[in-house]
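> Got a predicted model here, sequence first, then my questions.
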Amino acid sequence: MKKSYNRLTVEGDIQTKWICGCFETVDGFFKFCTQHSESMKQTIEAQIDKLDMTTVVEEK
Ligand SMILES: [Zn+2]
């Protein structure tokens with residue numbers, strides 16, 4: 001039987017959990033605690049800028 005869960009309330013299949021409350025699931029999904037979610041968002045955005053990724057805008 002395949003396991004399914006709501007990603008917003010993921011509690012199972014945790015691969016790594018940090019003492020602050022952040023955790024990573026076995027399928028590579030990260031959930032950050034309130035302390036780190038904002039700084040992680042800024043870090044990811046900075047990395048995306050470094051990678052020179054282009055924003056894709058769907059044409060209609
Ligand atoms: Zn944290």
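Arrived safely. Model, not experiment: these values are computed from the prediction. Numbering: from 1, shown residues only.

> What are the phi and psi values at the residue most central in space within the chain?
In the chain, the centroid-proximal residue (C-alpha atoms, centre = their mean) is residue 30; its distance is 3.6 Å. Per-residue torsions, residue 30: phi -100, psi 140 (degrees, to the nearest 10).

> isn't there a helix covering residue 21?
No. Applying DSSP: H, G, I helix; E, B strand; the rest coil, one finds residue 21 to be coil, outside a helix.

> residue contacts, it?
33, 34, 35 (C-beta atoms under 8 Å, 6 or more residues apart in numbering). (Glycine included, C-beta is placed from N, CA and C.)

> Show the contacting residues for the second one.
Spelled out, it's residue 34. residue 21.

> Same check on residue 17?
Contacts of residue 17 (C-beta under 8 Å, 6+ apart): 23, 24.

> Residue 32 contacts residue 18, correct?
No. If you go by C-beta atoms under 8 Å, residue 32 and residue 18 don't touch, sitting 9.4 Å apart.

> picking that back up, how about the closest residue to the residue nearest to the centre of the chain other than its chain neighbours, secondary structure?
Distance criterion C-beta to C-beta, 6 or more residues apart in numbering; nearest residue to residue 30, sequence neighbours excluded, is residue 24 at 5.2 Å. Under three-state DSSP, the three-state class of residue 24 is strand.

> Specify the beta-bridge partners of residue 24.
For residue 24, the beta-bridge partners under DSSP bridges are residue 16, residue 30.

> separation between it and residue 42?
From residue 24 over to residue 42 the distance is 19 Å, taken as C-beta to C-beta, to the nearest Å.

> and those two? which has more neighbours close in?
residue 24 (16 against 10; other C-beta atoms under 10 Å).

> how much space between that one and the ion?
11 Å (C-beta to the ion, to the nearest Å).

> Thought residue 40 was touching that residue, still the case?
No. Here residue 24 does not reach residue 40: they are 11.8 Å apart, not a contact under C-beta under 8 Å.

> Brilliant, that's me finished.
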